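Undergrad: here is a sequence with its predicted model. Questions after.
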Amino acid sequence: MKKIVLLVVILFLSQISFAGAFYQNIYSVSQNNTQANIRSLQNVNYIIITTSDLEDAVKEFKTWKEYPGFTVEIINISWISDNYNGKDLQEQIRNFLIDKYVEWKIHYVLIVGTRNNIPMRRCDPIIWDHGEYLYSDFYYSDITGNWDLDEDGKYAEYGDDDVDFIPEISIGRIPSDNKDTVVQICENIMQYGSDIGTWKKNVLLIGAISYYQGLESYGWIYDRSDCATIMEECRIDIFDPEDFNYVRMYEAEGLRPSTYTYEYPLEYSNVLSEWTNNYSIVNMIGHSNENLAARWIWDHDDGDNIPELGEGELVYKDILTRSDSQVLSMEKPPIVFSGGCSQLHGSYNMGRSFIENNAAVAYIGTTDLGFYNITRVWNDESDGGFASIDYYFFYYLISQDQTCGDALSNSKLYFSNHFMFNEYNPEWIYRCYSTIMGTTLYGDPALSLYPISNPPSKPNTPDGPNSGKINIKHTYTTSCIDPNNDQTRYLFDWGDGNTTITEYYPSGEIVRVSYTWNKQGTFNIRVKAQDENGAWSEWSDFLPVSMPKNKPTITLDYLEIFQKSILKISNYIQNIFL
């Protein structure tokens, strides 16, 4: 009889022990799964795609980008080729970006290398008298469109393929294959991106006259078009409201010069002397190709009051040449937007030369012709064409405080929503395709005019009870230090799908936040901080909290009740056998 009672007691106690081990195991698995989920949600929002030879050249730059909160990964094109299918390297790179875009939350892609080693995509929009194909990095930006729907090996064909003109990724390129040069370019970017000096409010505006009234060229008769108009629109709408200092250079020579006020006449020597005078931005539009930017001057007239190109009445004069980049090298090069045609045409061009020789920290231009809209007139930002890309780039960069890559992406998106062709017209179609696809950023797509705020330090692990009861308020504290002494607010993740965000507090001040759980379980709570400039810290370490405790404490009262229960069971069994 005693043996039977003892067996019952042992079984009962073993169930208690098994239950304790079971719940302990549940907690362990839950904690591991939570950590696994966090790992799966980590994002790589900044991708550097480069060659084996240049990987080491961008490692310091990678570390610098990570400091303000970017998550950066260097991806070798050899690895992409080994792991992704495609007809060529361009398609393999794009397939990689398509594959990882959502999972990694990719925002920026920096291609490090020239077009010779990491090619642009040749695009064949439509055959037109003055255009047939162009080369584009926009292929890596629009990853939801089908660029070769008919699978004929020709990309971005109007009517045959399905480019959607929506840039999901902001793309930039460092156009060099030389390791030491890439290191220097990265140092220029880091210096510009970290500088808060007063020179950041200086802008140089250079506008030539594109066409004179009545000029006949390429079968068209033009209205007057003074690129100083673009500069003045940018100055009045964008730079003046932000208190920029400006120097303007407009056409003062020849018949019918610019009617706008300027600080210096637009001359080659003036551009050379001013370029290095501490400008953070240069906006420049004139006639151009991959080797130079130039101005058209109506030098003389034969008496018919019509500017005639074939009669020698119009002459070209240089604004800048590619080789000038060597004498314009400086410690603090500017962001340059260069309008006109073909500044980034070919592998070695104006943009590459100015970037490699420290005459520009970023260079935005087009790989193809720089087109006006179909009317070939630009009076303000509502007229479209390449000049509106220029205007809206600076609107987003300055007025909206965006990065170079985002500003260019958004200017293209605005263009596609407001200025695209609305009828079948090969000329108009090609102009629109060329403007969006050809306009390219050489430089860091995440570079902004002023530094991205240094994020707050990792907050302390939430301090408070690690167990409690549901439907009762529990209070937790934390704090962190902001390196810029900015005010910070805190986002608490309570582990049950709910969060709480606080008001802003001074850097280092202890913050108290209360929360009530309404269900039992074990919850891993954590917190991260955001400064007043929008920079986020990393997450704190977890504090596991049980609602209620996993193992209830067995007190003396419970032991007495347990002993009485066992005695009753023993008496009941004895009566059965008597």
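TA: Nice, thanks for sending it over. Small disclaimer: the values here were computed from a predicted structure and weren't measured.

Undergrad: C-alpha from now on. contacts and neighbour counts both.
TA: Noted.

Undergrad: buried stuff in stretch 471-478?
TA: 474, 476, 478 (16 or more other Cα atoms under 10 Å).

Undergrad: my bad, should have said stretch 309-323
TA: 313-314, 318-322.

Undergrad: what's the answer for stretch 77-91, then?
TA: Result for stretch 77-91 [16+ other Cα under 10 Å]: buried residues 77, 80-81, 89-91.

Undergrad: ok, stretch 257-266 next?
TA: Neighbour-count burial for stretch 257-266, counted by 16+ other Cα under 10 Å, picks out 257-258, 262, 264-266.

Undergrad: and the two most separated of the residues you listed?
TA: Pro257 and Tyr264 (13.2 Å; Cα to Cα).

Undergrad: what about Asn498, how many residues nearby?
TA: By other Cα atoms under 10 Å, the residues close to Asn498 number 10.

Undergrad: any idea how far it lies from Gln530?
TA: Here Asn498 is placed at a distance of 18 Å from Gln530 (Cα to Cα, to the nearest Å).

Undergrad: and what of Leu543?
TA: Distance, Leu543 to Gln530, using Cα to Cα: 20 Å.

Undergrad: the longest strand in the chain is where?
TA: In the chain, taking DSSP state E as the definition, the longest strand is strand 521-531.

Undergrad: coming back round to it: ok, the buried residues of stretch 77-91 vs Ile306, which is closest?
TA: Gln90 (47.9 Å).

Undergrad: confirm the closest one sits in a strand?
TA: No. Assigned with DSSP: H, G, I helix; E, B strand; the rest coil, Gln90 falls outside any strand and is helix.

Undergrad: in strands, which of the buried residues of stretch 471-478 fall?
TA: The members of these that map onto strands under DSSP E are 474, 476, 478.

Undergrad: and the second one, what is it in contact with?
TA: Looking back up the chat, that one is Tyr476. By Cα atoms under 8 Å, 6 or more residues apart in numbering, Tyr476 lies in contact with 462-465, 512-514.

Undergrad: include secondary structure, distance to Tyr246 and neighbour count when you put the residues you listed into JSON lines, please.
TA: Putting the contacts of Tyr476 into JSON lines (DSSP: H, G, I helix; E, B strand; the rest coil; distance: Cα to Cα, whole Å; neighbours: other Cα atoms under 10 Å) gives the following:
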{"residue": "Pro462", "secondary structure": "coil", "distance to Tyr246": "50", "neighbour count": "24"}
{"residue": "Asp463", "secondary structure": "strand", "distance to Tyr246": "53", "neighbour count": "13"}
{"residue": "Gly464", "secondary structure": "coil", "distance to Tyr246": "56", "neighbour count": "16"}
{"residue": "Pro465", "secondary structure": "coil", "distance to Tyr246": "59", "neighbour count": "13"}
{"residue": "Arg512", "secondary structure": "strand", "distance to Tyr246": "49", "neighbour count": "14"}
{"residue": "Val513", "secondary structure": "strand", "distance to Tyr246": "49", "neighbour count": "17"}
{"residue": "Ser514", "secondary structure": "strand", "distance to Tyr246": "52", "neighbour count": "13"}
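
Undergrad: and stretch 172-190, which residues are buried?
TA: Buried, per 16+ other Cα under 10 Å, within stretch 172-190: 172-177, 179, 181-190.

Undergrad: near the nearest residue to Tyr84 once chain neighbours are set aside, how many other residues are there?
TA: Counting by Cα to Cα, 6 or more residues apart in numbering, Tyr84 lies nearest to Gln92, which is 5.5 Å off, once chain neighbours are set aside. The local packing of Gln92 (other Cα under 10 Å) involves 19 other residues.

Undergrad: I'd say Gln92 and Ile80 touch.
TA: Yes. Taking contacts as Cα atoms under 8 Å, Gln92 lies within contact range of Ile80: 6.6 Å.

Undergrad: from Gly153, how far off is the residue nearest to Tyr84?
TA: 14 Å.

Undergrad: hang on, the earlier thing: I'd like the buried residues of stretch 77-91 as CSV, with pLDDT appended.
TA: Output for the buried residues of stretch 77-91, formatted as CSV (pLDDT from 0 to 100):
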residue, pLDDT
Ile77, 98
Ile80, 97
Ser81, 97
Leu89, 98
Gln90, 98
Glu91, 98
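
Undergrad: Ala387: which of those residues is nearest?
TA: Distance to Ala387, by Cα to Cα, is smallest for Gln90 among the buried residues of stretch 77-91, at 29.1 Å.

Undergrad: quick one, what contacts that closest one?
TA: Contacts of Gln90 by Cα under 8 Å, 6+ apart are 118-121.

Undergrad: so this structure: which segments form each domain?
TA: 1-41+551-578, 47-442, 455-547 (automatic domain parsing).

Undergrad: can you give me the end-to-end distance of the second one?
TA: Its start and end residues considered, domain 47-442 measures 15 Å (Cα to Cα).

Undergrad: distance between it and the chain's centre?
TA: Counting by Cα atoms, centre = their mean, to the nearest Å, domain 47-442 is centred 16 Å from the centre of its parent chain.

Undergrad: got the phi and psi for Thr440?
TA: The phi/psi pair for Thr440 (degrees, to the nearest 10) reads phi -130, psi 150.

Undergrad: so it touches Asp368, yeah?
TA: No. Counting by Cα under 8 Å, Thr440 stays clear of Asp368, with 10.0 Å between them.

Undergrad: mind listing the shared neighbours of the two?
TA: Leu344.

Undergrad: circling back to that earlier point, now, the buried residues of stretch 172-190 that are in helices?
TA: Applying DSSP state H to the buried residues of stretch 172-190, the entries found in helices are 179, 181-190.

Undergrad: just list whatever residues bridge to the residue positioned nearest the centre of the chain.
TA: Central residue check for the chain by Cα atoms, centre = their mean: the C-alpha nearest the mean position is that of Tyr108, 4.0 Å away. In this entry, Tyr108 is beta-bridged to Tyr46, Ser170, by DSSP bridges.

Undergrad: likewise for the one 4 residues further on?
TA: Taking DSSP bridges as the rule, Val112 bridges to Thr50, Ile174.

Undergrad: just the ones in strands among the buried residues of stretch 471-478 now: which is nearest Lys65?
TA: The nearest member of those to Lys65, counting by Cα to Cα, is Thr478 at 27.0 Å.

Undergrad: do you know how far that closest one is from Glu509?
TA: On the measure of Cα to Cα, Thr478 and Glu509 end up 9 Å apart.

Undergrad: ok, Glu91 next?
TA: From Glu91 to Glu509 the distance is 51 Å (Cα to Cα).

Undergrad: and if you look at Ile127?
TA: Distance from Ile127 to Glu509, counting by Cα to Cα: 65 Å.
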